[in-house]
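Colleague: Quick one, what's the 3D model for this:
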Amino acid sequence: MTQRPRLTPAVADVRRAVRTNLADVEQGSVVLVALSGGPDSLALAAGLGFEAPKLGLRAGAIIVDHGLQDGSAEVAERAASQAQALGLDPVIIRSVKVVPQSGPEADARTARYAALEAVAKETGAVAVLLGHTLDDQAETVMLGLTRGSGATSLAGMSQINGIYRRPLLGIRRAETVAACADQQLEPWNDPHNEDSAYTRVRIRTEIMPMLEDKLGPGVAEALARTAEQLRQDAVVLDALTAEMMPTVLVPALGEPADNTRAVLEINQLEALPVALLNRVIRRTALDVFSVSLSAAHTTSITRLITHWHGQGEAHVPGIRVERQGTQLIMSSTSSPPTESSAHQH
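Modeller: Below is the predicted model:
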(Lines give C-alpha, C1' and ligand atoms only; values in the text may rest on other atoms or scores of the structure.)
Protein backbone atom coordinates (compact mmCIF):
# COMPACT_ATOMS: atom_id res chain seq x y z
CA MET A 1 0.00 0.00 0.00
CA THR A 2 1.42 3.38 -1.01
CA GLN A 3 1.94 5.70 1.91
CA ARG A 4 -0.22 8.80 1.67
CA PRO A 5 1.88 11.98 1.35
CA ARG A 6 1.90 13.94 4.58
CA LEU A 7 0.49 17.43 4.72
CA THR A 8 3.53 19.68 4.91
CA PRO A 9 3.62 23.49 5.19
CA ALA A 10 4.48 23.82 1.49
CA VAL A 11 1.60 21.58 0.39
CA ALA A 12 -0.79 23.38 2.74
CA ASP A 13 0.28 26.81 1.47
CA VAL A 14 -0.31 25.86 -2.17
CA ARG A 15 -3.71 24.33 -1.40
CA ARG A 16 -4.75 27.37 0.63
CA ALA A 17 -3.68 29.69 -2.19
CA VAL A 18 -5.78 27.71 -4.70
CA ARG A 19 -8.78 27.60 -2.38
CA THR A 20 -8.65 31.35 -1.74
CA ASN A 21 -8.21 32.24 -5.40
CA LEU A 22 -11.18 30.13 -6.52
CA ALA A 23 -13.53 31.05 -3.68
CA ASP A 24 -15.71 33.20 -5.96
CA VAL A 25 -16.08 30.62 -8.76
CA GLU A 26 -19.58 29.19 -9.14
CA GLN A 27 -20.02 25.53 -8.24
CA GLY A 28 -20.17 23.18 -11.20
CA SER A 29 -17.78 25.35 -13.24
CA VAL A 30 -14.84 23.95 -15.21
CA VAL A 31 -11.41 25.21 -14.16
CA LEU A 32 -8.24 24.33 -16.06
CA VAL A 33 -4.61 24.49 -14.99
CA ALA A 34 -1.98 25.35 -17.60
CA LEU A 35 0.50 22.55 -16.96
CA SER A 36 4.04 22.52 -18.31
CA GLY A 37 5.23 19.78 -15.98
CA GLY A 38 7.57 22.16 -14.16
CA PRO A 39 7.50 22.45 -10.35
CA ASP A 40 5.30 25.57 -10.24
CA SER A 41 2.52 24.32 -12.50
CA LEU A 42 2.76 20.75 -11.17
CA ALA A 43 2.37 21.91 -7.56
CA LEU A 44 -0.55 24.07 -8.73
CA ALA A 45 -2.14 21.11 -10.53
CA ALA A 46 -1.87 19.01 -7.37
CA GLY A 47 -3.41 21.81 -5.33
CA LEU A 48 -6.26 22.18 -7.80
CA GLY A 49 -6.85 18.43 -7.93
CA PHE A 50 -7.20 18.38 -4.15
CA GLU A 51 -9.31 21.53 -3.68
CA ALA A 52 -11.65 21.41 -6.70
CA PRO A 53 -13.92 18.61 -5.42
CA LYS A 54 -14.35 20.46 -2.11
CA LEU A 55 -15.31 23.62 -3.98
CA GLY A 56 -17.71 21.75 -6.27
CA LEU A 57 -15.61 22.48 -9.34
CA ARG A 58 -14.58 20.30 -12.26
CA ALA A 59 -10.81 20.52 -12.63
CA GLY A 60 -8.88 19.78 -15.81
CA ALA A 61 -5.52 20.53 -17.37
CA ILE A 62 -4.18 21.86 -20.63
CA ILE A 63 -0.64 21.07 -21.73
CA VAL A 64 0.74 23.21 -24.56
CA ASP A 65 3.45 21.56 -26.67
CA HIS A 66 5.40 24.37 -28.35
CA GLY A 67 7.50 21.90 -30.33
CA LEU A 68 10.62 23.99 -29.71
CA GLN A 69 12.75 21.25 -28.16
CA ASP A 70 13.56 17.66 -29.01
CA GLY A 71 11.34 15.37 -26.97
CA SER A 72 8.71 18.04 -26.28
CA ALA A 73 5.91 15.60 -27.19
CA GLU A 74 7.19 13.13 -24.58
CA VAL A 75 7.35 15.91 -21.97
CA ALA A 76 3.74 16.81 -22.77
CA GLU A 77 2.60 13.18 -22.50
CA ARG A 78 4.35 12.83 -19.15
CA ALA A 79 2.67 15.97 -17.82
CA ALA A 80 -0.69 14.66 -19.04
CA SER A 81 -0.14 11.38 -17.20
CA GLN A 82 0.70 13.27 -14.02
CA ALA A 83 -2.45 15.38 -14.39
CA GLN A 84 -4.60 12.29 -14.81
CA ALA A 85 -2.99 10.70 -11.75
CA LEU A 86 -3.93 13.83 -9.79
CA GLY A 87 -7.57 13.28 -10.76
CA LEU A 88 -7.81 16.05 -13.35
CA ASP A 89 -10.29 15.62 -16.21
CA PRO A 90 -10.34 16.67 -18.99
CA VAL A 91 -6.61 16.60 -19.72
CA ILE A 92 -5.85 18.11 -23.11
CA ILE A 93 -2.56 18.33 -25.00
CA ARG A 94 -2.49 21.07 -27.60
CA SER A 95 0.40 21.29 -30.07
CA VAL A 96 1.09 24.78 -31.43
CA LYS A 97 3.26 26.31 -34.11
CA VAL A 98 5.37 29.21 -32.87
CA VAL A 99 5.51 31.88 -35.57
CA PRO A 100 8.72 33.99 -35.47
CA GLN A 101 7.80 37.66 -35.05
CA SER A 102 8.92 39.52 -31.93
CA GLY A 103 11.41 37.12 -30.36
CA PRO A 104 11.42 33.54 -29.07
CA GLU A 105 9.90 34.27 -25.63
CA ALA A 106 7.18 36.59 -26.89
CA ASP A 107 6.37 34.36 -29.87
CA ALA A 108 6.03 31.26 -27.67
CA ARG A 109 3.86 33.23 -25.26
CA THR A 110 1.56 34.40 -28.06
CA ALA A 111 1.10 30.83 -29.32
CA ARG A 112 0.60 29.52 -25.79
CA TYR A 113 -2.10 32.00 -24.81
CA ALA A 114 -3.94 31.47 -28.09
CA ALA A 115 -4.03 27.74 -27.30
CA LEU A 116 -5.15 28.34 -23.71
CA GLU A 117 -8.02 30.57 -24.83
CA ALA A 118 -9.11 28.13 -27.52
CA VAL A 119 -9.22 25.17 -25.13
CA ALA A 120 -11.00 27.25 -22.48
CA LYS A 121 -13.74 28.00 -25.03
CA GLU A 122 -13.94 24.37 -26.17
CA THR A 123 -14.34 23.07 -22.62
CA GLY A 124 -16.45 25.93 -21.31
CA ALA A 125 -13.84 26.67 -18.65
CA VAL A 126 -14.42 29.84 -16.63
CA ALA A 127 -10.82 30.03 -15.39
CA VAL A 128 -7.33 28.98 -16.44
CA LEU A 129 -4.81 28.78 -13.60
CA LEU A 130 -1.24 29.87 -14.30
CA GLY A 131 1.72 28.81 -12.15
CA HIS A 132 3.46 32.18 -11.75
CA THR A 133 5.04 32.57 -8.31
CA LEU A 134 6.23 35.45 -6.15
CA ASP A 135 9.67 34.98 -7.71
CA ASP A 136 8.18 35.40 -11.20
CA GLN A 137 6.47 38.57 -10.01
CA ALA A 138 9.74 39.97 -8.62
CA GLU A 139 11.55 39.13 -11.86
CA THR A 140 8.80 40.84 -13.87
CA VAL A 141 9.20 44.04 -11.83
CA MET A 142 12.99 43.89 -12.19
CA LEU A 143 12.62 43.36 -15.95
CA GLY A 144 10.33 46.38 -16.13
CA LEU A 145 12.86 48.49 -14.21
CA THR A 146 15.66 47.56 -16.62
CA ARG A 147 13.47 48.57 -19.56
CA GLY A 148 12.36 51.87 -18.06
CA SER A 149 8.75 50.72 -18.13
CA GLY A 150 5.87 52.69 -16.67
CA ALA A 151 3.82 51.97 -13.58
CA THR A 152 1.47 49.61 -15.42
CA SER A 153 4.36 47.33 -16.33
CA LEU A 154 5.94 47.59 -12.88
CA ALA A 155 2.58 46.60 -11.36
CA GLY A 156 3.43 43.12 -12.61
CA MET A 157 0.91 40.34 -12.96
CA SER A 158 -2.60 40.30 -11.49
CA GLN A 159 -4.03 37.50 -9.37
CA ILE A 160 -7.09 37.58 -11.65
CA ASN A 161 -7.10 38.93 -15.21
CA GLY A 162 -10.11 37.84 -17.25
CA ILE A 163 -10.17 34.04 -17.37
CA TYR A 164 -6.57 33.85 -16.13
CA ARG A 165 -5.85 33.35 -12.45
CA ARG A 166 -2.50 33.19 -10.65
CA PRO A 167 -3.04 31.64 -7.21
CA LEU A 168 0.69 31.32 -6.45
CA LEU A 169 1.78 34.98 -6.64
CA GLY A 170 2.28 34.93 -2.88
CA ILE A 171 4.21 31.62 -2.92
CA ARG A 172 7.99 31.38 -3.36
CA ARG A 173 9.41 29.08 -6.05
CA ALA A 174 11.22 27.07 -3.36
CA GLU A 175 7.81 26.22 -1.86
CA THR A 176 6.47 24.78 -5.10
CA VAL A 177 9.60 22.64 -5.43
CA ALA A 178 9.10 21.46 -1.85
CA ALA A 179 5.39 20.82 -2.42
CA CYS A 180 6.23 18.55 -5.36
CA ALA A 181 8.85 16.66 -3.37
CA ASP A 182 6.49 16.27 -0.40
CA GLN A 183 3.85 14.70 -2.66
CA GLN A 184 6.32 12.45 -4.53
CA LEU A 185 5.75 14.39 -7.73
CA GLU A 186 8.67 14.57 -10.15
CA PRO A 187 8.67 17.86 -12.05
CA TRP A 188 10.30 18.45 -15.42
CA ASN A 189 12.94 21.16 -15.51
CA ASP A 190 12.84 23.21 -18.71
CA PRO A 191 16.39 23.76 -20.01
CA HIS A 192 15.28 27.18 -21.28
CA ASN A 193 15.00 28.21 -17.62
CA GLU A 194 18.78 27.89 -17.36
CA ASP A 195 19.67 29.51 -20.70
CA SER A 196 21.45 32.80 -19.94
CA ALA A 197 20.65 34.04 -23.45
CA TYR A 198 17.29 35.09 -21.99
CA THR A 199 17.24 38.31 -19.95
CA ARG A 200 14.73 36.87 -17.49
CA VAL A 201 17.00 33.90 -16.82
CA ARG A 202 19.94 36.21 -16.09
CA ILE A 203 17.76 38.16 -13.66
CA ARG A 204 16.72 34.89 -12.00
CA THR A 205 20.11 33.20 -11.80
CA GLU A 206 22.50 36.16 -11.48
CA ILE A 207 20.87 39.48 -10.54
CA MET A 208 18.39 38.36 -7.86
CA PRO A 209 20.92 36.16 -6.00
CA MET A 210 23.42 39.04 -6.11
CA LEU A 211 20.87 41.48 -4.68
CA GLU A 212 19.93 39.02 -1.92
CA ASP A 213 23.63 38.57 -1.15
CA LYS A 214 24.48 42.29 -1.07
CA LEU A 215 21.25 43.70 0.38
CA GLY A 216 20.06 40.81 2.51
CA PRO A 217 17.04 38.53 2.20
CA GLY A 218 13.60 39.81 1.31
CA VAL A 219 14.38 41.52 -2.02
CA ALA A 220 11.91 39.37 -3.97
CA GLU A 221 9.16 40.02 -1.42
CA ALA A 222 9.87 43.78 -1.51
CA LEU A 223 9.63 43.85 -5.30
CA ALA A 224 6.35 41.91 -5.17
CA ARG A 225 4.97 44.38 -2.58
CA THR A 226 5.97 47.24 -4.88
CA ALA A 227 4.03 45.59 -7.70
CA GLU A 228 0.96 45.24 -5.49
CA GLN A 229 1.07 48.91 -4.43
CA LEU A 230 1.46 50.08 -8.03
CA ARG A 231 -1.37 47.79 -9.11
CA GLN A 232 -3.68 49.37 -6.52
CA ASP A 233 -2.79 52.82 -7.89
CA ALA A 234 -3.26 51.59 -11.47
CA VAL A 235 -6.78 50.34 -10.69
CA VAL A 236 -7.81 53.85 -9.60
CA LEU A 237 -6.10 55.59 -12.55
CA ASP A 238 -7.59 53.12 -15.02
CA ALA A 239 -11.07 53.69 -13.57
CA LEU A 240 -10.64 57.47 -13.92
CA THR A 241 -9.45 56.97 -17.50
CA ALA A 242 -12.51 54.86 -18.33
CA GLU A 243 -14.79 57.59 -16.91
CA MET A 244 -13.27 60.35 -19.04
CA MET A 245 -12.97 58.45 -22.34
CA PRO A 246 -16.47 59.54 -23.51
CA THR A 247 -15.58 63.20 -22.88
CA VAL A 248 -12.34 63.19 -24.89
CA LEU A 249 -13.38 61.05 -27.85
CA VAL A 250 -15.27 62.96 -30.54
CA PRO A 251 -18.19 60.94 -31.92
CA ALA A 252 -17.91 60.59 -35.68
CA LEU A 253 -21.42 61.68 -36.60
CA GLY A 254 -22.97 59.73 -39.43
CA GLU A 255 -20.05 57.29 -39.60
CA PRO A 256 -20.28 53.69 -38.42
CA ALA A 257 -17.91 52.78 -35.61
CA ASP A 258 -14.79 51.04 -36.89
CA ASN A 259 -11.19 50.38 -35.94
CA THR A 260 -9.55 52.67 -38.48
CA ARG A 261 -9.94 56.15 -36.97
CA ALA A 262 -10.26 57.92 -33.63
CA VAL A 263 -10.71 61.65 -33.00
CA LEU A 264 -9.83 63.17 -29.63
CA GLU A 265 -10.64 66.66 -28.35
CA ILE A 266 -7.38 68.46 -27.57
CA ASN A 267 -9.00 71.04 -25.27
CA GLN A 268 -10.08 68.17 -23.02
CA LEU A 269 -6.72 66.39 -23.25
CA GLU A 270 -4.66 69.49 -22.37
CA ALA A 271 -6.32 69.74 -18.98
CA LEU A 272 -5.38 66.19 -17.94
CA PRO A 273 -2.50 65.28 -15.62
CA VAL A 274 0.19 63.48 -17.63
CA ALA A 275 -0.55 60.14 -15.92
CA LEU A 276 -4.13 60.23 -17.18
CA LEU A 277 -3.20 61.69 -20.57
CA ASN A 278 -0.82 58.79 -21.22
CA ARG A 279 -3.51 56.32 -20.23
CA VAL A 280 -6.10 57.92 -22.51
CA ILE A 281 -3.73 57.65 -25.47
CA ARG A 282 -2.81 54.03 -24.68
CA ARG A 283 -6.45 53.10 -24.05
CA THR A 284 -7.51 54.61 -27.39
CA ALA A 285 -4.74 52.78 -29.26
CA LEU A 286 -5.67 49.48 -27.64
CA ASP A 287 -9.46 49.77 -27.80
CA VAL A 288 -9.74 51.22 -31.31
CA PHE A 289 -6.68 49.85 -33.12
CA SER A 290 -5.72 46.81 -30.98
CA VAL A 291 -2.22 48.27 -30.66
CA SER A 292 -0.26 48.18 -27.40
CA LEU A 293 1.95 51.27 -27.22
CA SER A 294 5.35 51.47 -25.56
CA ALA A 295 6.24 54.42 -23.32
CA ALA A 296 8.30 55.97 -26.13
CA HIS A 297 5.45 55.66 -28.63
CA THR A 298 2.99 57.15 -26.14
CA THR A 299 5.29 60.11 -25.53
CA SER A 300 5.68 60.76 -29.27
CA ILE A 301 1.89 61.16 -29.45
CA THR A 302 1.39 63.21 -26.28
CA ARG A 303 4.01 65.71 -27.45
CA LEU A 304 1.52 66.75 -30.12
CA ILE A 305 -0.59 67.96 -27.21
CA THR A 306 1.83 69.04 -24.49
CA HIS A 307 4.67 70.42 -26.64
CA TRP A 308 2.86 71.64 -29.74
CA HIS A 309 4.86 73.91 -32.06
CA GLY A 310 3.43 72.99 -35.45
CA GLN A 311 5.40 69.77 -35.88
CA GLY A 312 4.33 67.05 -38.29
CA GLU A 313 2.44 63.86 -37.61
CA ALA A 314 3.66 61.07 -35.32
CA HIS A 315 3.95 57.48 -36.49
CA VAL A 316 3.73 54.48 -34.17
CA PRO A 317 3.19 50.82 -35.13
CA GLY A 318 -0.16 50.57 -36.89
CA ILE A 319 -1.22 54.19 -36.25
CA ARG A 320 -0.62 57.61 -37.80
CA VAL A 321 -1.36 60.59 -35.50
CA GLU A 322 -1.75 64.21 -36.53
CA ARG A 323 -3.06 67.38 -34.98
CA GLN A 324 -5.74 69.26 -36.90
CA GLY A 325 -6.93 72.41 -35.20
CA THR A 326 -8.44 71.43 -31.87
CA GLN A 327 -8.51 67.72 -32.67
CA LEU A 328 -6.03 64.87 -32.49
CA ILE A 329 -6.65 62.44 -35.36
CA MET A 330 -5.48 58.84 -34.96
CA SER A 331 -5.73 56.75 -38.14
CA SER A 332 -4.91 53.13 -38.90
CA THR A 333 -1.94 52.59 -41.21
CA SER A 334 -1.12 49.63 -43.43
CA SER A 335 1.52 48.35 -41.03
CA PRO A 336 0.23 45.50 -38.89
CA PRO A 337 -0.51 46.10 -35.21
CA THR A 338 2.31 44.96 -32.96
CA GLU A 339 2.65 44.52 -29.24
CA SER A 340 5.31 47.06 -28.48
CA SER A 341 5.20 46.59 -24.73
CA ALA A 342 5.17 42.87 -24.04
CA HIS A 343 3.96 41.88 -20.50
CA GLN A 344 6.19 39.72 -18.45
CA HIS A 345 4.65 36.35 -19.07
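Colleague: quick check: mean pLDDT across whichever helix or strand residue 139 is part of?
Modeller: Residue 139 belongs to helix 134-146 when assigned by DSSP states H and E. Here helix 134-146 scores 92 as its mean pLDDT.
Colleague: tell me which residues in it are buried?
Modeller: 134-144 (16 or more other CB atoms under 10 Å). For every residue, glycine as well, the C-beta is placed using N, CA and C.
Colleague: Who are the packing partners of the following helix or strand past that helix?
Modeller: Using DSSP H and E, the helix or strand that follows helix 134-146 in sequence is helix 151-154. Applying 3 or more CB pairs under 8 Å, 6 or more residues apart in numbering; DSSP states H and E, we find helix 151-154 packed against helix 134-146, helix 219-248.
Colleague: what comes into contact with the helix or strand following the last one?
Modeller: Towards the C-terminus, the helix or strand next in line after helix 219-248, according to DSSP H and E, is strand 261-265. By CB atoms under 8 Å, 6 or more residues apart in numbering, the list of residues contacting strand 261-265 from outside reads 247-250, 252, 280, 284, 288-289, 326-332.
Colleague: nearest to residue 191, of the residues you listed?
Modeller: Distance to residue 191 across the contacts of strand 261-265 (CB to CB) is lowest for residue 289, with 38.0 Å.
Colleague: That closest one touches residue 320, doesn't it?
Modeller: No: Residue 289 is not in contact with residue 320 according to CB atoms under 8 Å; the separation is 10.4 Å.
Colleague: picking that back up, could the helices and strands packed on helix 151-154 go into JSON lines alongside distance to residue 72?
Modeller: Output for the helices and strands packed on helix 151-154, formatted as JSON lines (distance: least, CB to CB, whole Å):
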{"stretch": "helix 134-146", "distance to residue 72": "22"}
{"stretch": "helix 219-248", "distance to residue 72": "30"}
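Colleague: and of those, who's closest to residue 169?
Modeller: Short answer: helix 134-146, nearest of those by CB to CB, at 5.4 Å.
Colleague: Not counting its own residues, what contacts that closest one?
Modeller: Helix 134-146 has contacts (CB under 8 Å, 6+ apart) with 40, 153-154, 156-157, 168-173, 199-200, 203-204, 207-208, 219-221, 223-224, 226-227, 343-345.
Colleague: Any chance you could list what contacts stretch 63-77?
Modeller: Contacts for stretch 63-77 (CB under 8 Å, 6+ apart): 34-37, 79-80, 83, 91-98, 104, 108, 111-112, 115-116, 188, 191-192.
Colleague: and stretch 201-208, how far from the chain's centre?
Modeller: The chain centre lies 20 Å from the centre of stretch 201-208; the measure is CA atoms, centre = their mean, to the nearest Å.
Colleague: I'd like the mean pLDDT over that stretch, please.
Modeller: 93.
Colleague: So what would you say the end-to-end distance of it is?
Modeller: 10 Å (CA to CA, to the nearest Å).
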